[in-house]
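> coordinates for the following, if possible.
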Amino acid sequence: MTMSNNSTIGLVELPQLKLSDPDGNDFYSLRKWEPIVSKLVLLSNLQAGGFQTKFINLRDGDYHENYGRITWRGIELTKNYVGLDIKSVDPDSCEVWCVTVNFTLYREIAMMVLKHLASTGKPVVVGGSDPFADPQIYIRNGASVVVLDKSGAANWPLFNYLLGKGSKEDLSGVVLADGTQYAKHKTPLHPEEWPLPSFEVAKQCLGTQYWMDPFPEHLKPIGSIFPDIGCDRHCDFCQTPTYGTGYRRMSPKRVLEWLDIQRQAGAKSVVSVSDQFLGRTIFPNGRDEILEIMKGIRDMGLTILWPNGLELRKMTLGRGRNYESTDLTPDEELIEALYHWDGEKGTLAGGLPAERPVFGREAYAKLLPWQQHKRIVRTIVQAGIPMIVYHMIIGLPEDDDESMLRLEEALWEIYYEVKAINPSLVFQIAPFVISPILGTPQGEIIRKSGLLRFDDPAIFAGFWTASVDTNHLSYEQVSNWQFRLASVGDSKNLQVPQRFRNLPTEAKDTGKIVVPA
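So this is what the prediction gives:
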């Protein structure tokens, strides 16, 4: 990997985390061939600014290296990274390095990469959600700069400065290693202005894996898109509202331009990683924009997946408003456009952000009452989507055995209702445990509460490793409930760690628990 070019910016994709028990069972699915949306956007941005770039994908290999152990639930878990050997990258092969860390789960691996790249004195720029929340820990471990502007507006002035072509006065939305912070004085870059990728970049960032294992061959390769930034909601568990960008969206024309380039590069399907695609509905003509985008996707012959899910409340005639008079009737035309599947194209899979469909719903303004929630979900299933992952959050401070029993009853109820509509539907339950995400109100509350039991990012930032007690349950009991709830419905849940798959499904407590309307 050695090369010498004193104007090249090296963009590094981190290797994958492999968290294993003594029997070799993994807690996270290794998907080294997923589409790489962050580099798709960043490579396009830098190349449009005239910068020479080199992309190094450290996922692309089978090298394993252990970097730690931790005991959780009495089980010794081994932390490894998998991909290419970090040391195989020549730190002098690029003039400037850039590392993106969007998940705290990967913080320790990111630090290893950061220290290696900085070992010969080359500047390393770190961006992404985790350094946004805690820039100083990256500065202390060798970062030259941490980027605090999530929109991309900071990039060109920053890299011009690092390459000796610009001045500090032009910097915006960054923190330097000496502690100097340059406030964001530039208007956030609108997604409409994000430069389109070249054919070569689009092809380089395609993937062949996502969610389903195996992924249908005729729908490979897989592209990706980030059609908007920010969110109109302020859920206390989410970092997105803290970015300071407001909610900004691409026009339908721009969305379809991004997708068409990837289609030309070979994509047969595309993953939308939007945090709030249906945020468009709050604007005049926003609903029409959604219909236009979905028609364009179908006309291109592309299949789409919604892994982060779409807000159910915004699929109503009331467009997600939070008034007592809001019409919560399903918008059937909109739902059909978003979730139609004809057996060949349309929407292959999607997450449904149920969060807390029954007890605990009050914490989330975007959620629907239970009966209206079920009505929306049934309407989605009637549109033909073949796979749904039903996302929930458990481990809230007041969670106890009774509330978990009631939640389990509700899950079986909705499972049987959707299977009655489409017996072939794959309906998986994904009960994620609460996580103290840095920079969020929920994260701050958890850390102050004294309920956090683990401060290791491989544990507390993971979806399948409970780390927080409730006021009534230990973290071990929360974990037991997580795997019990994950066994509701279609038992072959590929998101559940292998050690906990195929557990006997607990008997329902039928007739004893009343699910509220």
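
> where do the helices of the stretch 401-517 of the chain begin and end?
Assigned by DSSP state H, counting those that start in this stretch, the stretch 401-517 of the chain shows helices spanning 401-421, 441-449, 457-460, 475-486.

> now those in JSON lines, with mean pLDDT and mean neighbour count?
Glycine gets a C-beta too; all of them are placed from N, C-alpha and C. Listed next are the helices of the stretch 401-517 of the chain as JSON lines, based on pLDDT from 0 to 100; neighbours: other C-beta atoms under 10 Å:
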{"stretch": "helix 401-421", "mean pLDDT": "95", "mean neighbour count": "18"}
{"stretch": "helix 441-449", "mean pLDDT": "84", "mean neighbour count": "16"}
{"stretch": "helix 457-460", "mean pLDDT": "92", "mean neighbour count": "24"}
{"stretch": "helix 475-486", "mean pLDDT": "93", "mean neighbour count": "21"}
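
> and of these, who's closest to K122?
helix 457-460 (25.6 Å; C-beta to C-beta).

> which other helices and strands contact the closest one?
Applying 3 or more C-beta pairs under 8 Å, 6 or more residues apart in numbering; DSSP states H and E, one finds that helix 457-460 contacts strand 63-72, helix 107-117.

> for that helix, what is the distance to the chain centroid?
Centroid displacement of helix 457-460 relative to its chain, using C-alpha atoms, centre = their mean, to the nearest Å, is 16 Å.

> average pLDDT for stretch 14-21?
In this model, stretch 14-21 has a mean pLDDT of 93.

> er, stretch 266-282 I mean
pLDDT averaged over stretch 266-282 gives 92.

> ok now that stretch, how far from the chain's centre?
With C-alpha atoms, centre = their mean, you get 12 Å for stretch 266-282.

> hang on, the earlier thing: so for N141, which of the helices of the stretch 401-517 of the chain sits nearest?
Of all those, it is helix 457-460 that lies closest to N141, at 13.2 Å by C-beta to C-beta.

> okay, the closest one in PDB with CA atoms only?
Extracted in PDB, the C-alpha atoms of helix 457-460 (Å, rounded to 0.1, in the frame of the first residue of the first chain):
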ATOM      1  CA  PRO A 457     -17.900   1.300  24.200                       C
ATOM      2  CA  ALA A 458     -18.000  -2.300  22.900                       C
ATOM      3  CA  ILE A 459     -20.700  -3.000  25.500                       C
ATOM      4  CA  PHE A 460     -22.700   0.200  26.200                       C
END
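
> contacting residues for the nearest residue to L451 once chain neighbours are set aside?
Nearest-residue entry for L451: D469, 4.5 Å, with adjacent residues in sequence omitted and distances by C-beta to C-beta, 6 or more residues apart in numbering. Neighbouring residues of D469 by C-beta atoms under 8 Å, 6 or more residues apart in numbering: 451, 453, 475, 478.

> wait, what's in contact with the last one?
Contacts here follow C-beta under 8 Å, 6+ apart; on that basis V478 touches 394-395, 399, 433, 466, 468-470.

> repeat that for Q47.
By C-beta under 8 Å, 6+ apart, the neighbours of Q47 are 53, 195, 198, 201.

> my guess is G350 meets Y390, correct?
No. G350 lies out of contact with Y390 (C-beta atoms under 8 Å); the separation is 10.1 Å.

> what's the most buried one of the helices and strands packed on helix 457-460?
Comparing those by mean neighbour count (mean count of other C-beta atoms under 10 Å), helix 107-117 ranks first with a mean of 21.

> and that helix, how far out from the chain middle?
The answer for helix 107-117 is 21 Å, by C-alpha atoms, centre = their mean.

> need the residues that contact whichever helix or strand comes after it.
Downstream of helix 107-117, the first helix or strand assigned by DSSP states H and E is strand 124-127. Contact with strand 124-127 is made by 96-101, 110, 114, 117-118, 138, 142-147, 158-159, 162, as judged by C-beta under 8 Å, 6+ apart.

> which of those residues are buried, as a PyMOL select command?
If you want just the buried ones from those in PyMOL, going by 16 or more other C-beta atoms under 10 Å, the selection is:
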select buried, resi 96+97+98+99+100+101+110+114+117+118+138+142+143+144+145+146+147+158+159+162
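
> so which of the contacts of strand 124-127 are in helices?
Using DSSP state H, the subset of those located in helices is 110, 114, 117, 138, 158-159, 162.

> a markdown table for those, including distance to Q276 and pLDDT?
Putting the ones in helices among the contacts of strand 124-127 into a markdown table (distance: C-beta to C-beta, whole Å; pLDDT from 0 to 100) gives the following:
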| residue | distance to Q276 | pLDDT |
| --- | --- | --- |
| A110 | 26 | 97 |
| L114 | 31 | 97 |
| L117 | 33 | 98 |
| Y138 | 27 | 96 |
| L158 | 27 | 96 |
| F159 | 29 | 96 |
| L162 | 33 | 96 |
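
> could I get these as a markdown table with distance to V37?
Below are the ones in helices among the contacts of strand 124-127 laid out as a markdown table (distance: C-beta to C-beta, whole Å):
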| residue | distance to V37 |
| --- | --- |
| A110 | 18 |
| L114 | 22 |
| L117 | 22 |
| Y138 | 22 |
| L158 | 21 |
| F159 | 20 |
| L162 | 24 |
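
> between these, which is nearest G439?
Y138 (13.6 Å).

> tell me how far the helix-or-strand element of the chain with minimal mean pLDDT lies from the chain's centre.
Among the helices and strands of the chain, helix 441-449 carries the lowest confidence by mean pLDDT, DSSP states H and E, at a mean of 84. Remark: helix 441-449 is offset 21 Å from the chain centroid, using C-alpha atoms, centre = their mean.

> export it to CSV, keeping only CA atoms.
Taking Å, rounded to 0.1, in the frame of the first residue of the first chain, the C-alpha atoms of helix 441-449 are listed here in CSV:
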residue,chain,number,x,y,z
PRO,A,441,-30.3,14.1,26.7
GLN,A,442,-31.0,10.4,27.4
GLY,A,443,-27.2,9.6,27.6
GLU,A,444,-26.7,12.4,30.1
ILE,A,445,-29.6,11.3,32.3
ILE,A,446,-28.4,7.7,32.3
ARG,A,447,-24.9,8.6,33.3
LYS,A,448,-26.1,10.8,36.1
SER,A,449,-28.6,8.2,37.3
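
> so Y81 makes contact with I109?
Yes. With contact defined as C-beta under 8 Å, Y81 and I109 form a contacting pair (4.9 Å).

> tally of neighbours for P22?
10 (other C-beta atoms under 10 Å).

> show me what contacts it?
75-76, 78.

> closest to L368 among those residues?
Nearest to L368 among the contacts of P22, counting by C-beta to C-beta, is I75 at 37.9 Å.

> thought K419 was touching L425, still the case?
Yes. L425 is within contact range of K419, at 6.4 Å (criterion: C-beta under 8 Å).

> now I56: phi and psi?
The phi and psi torsions at I56 (degrees, to the nearest 10) take the values phi -120, psi 110.
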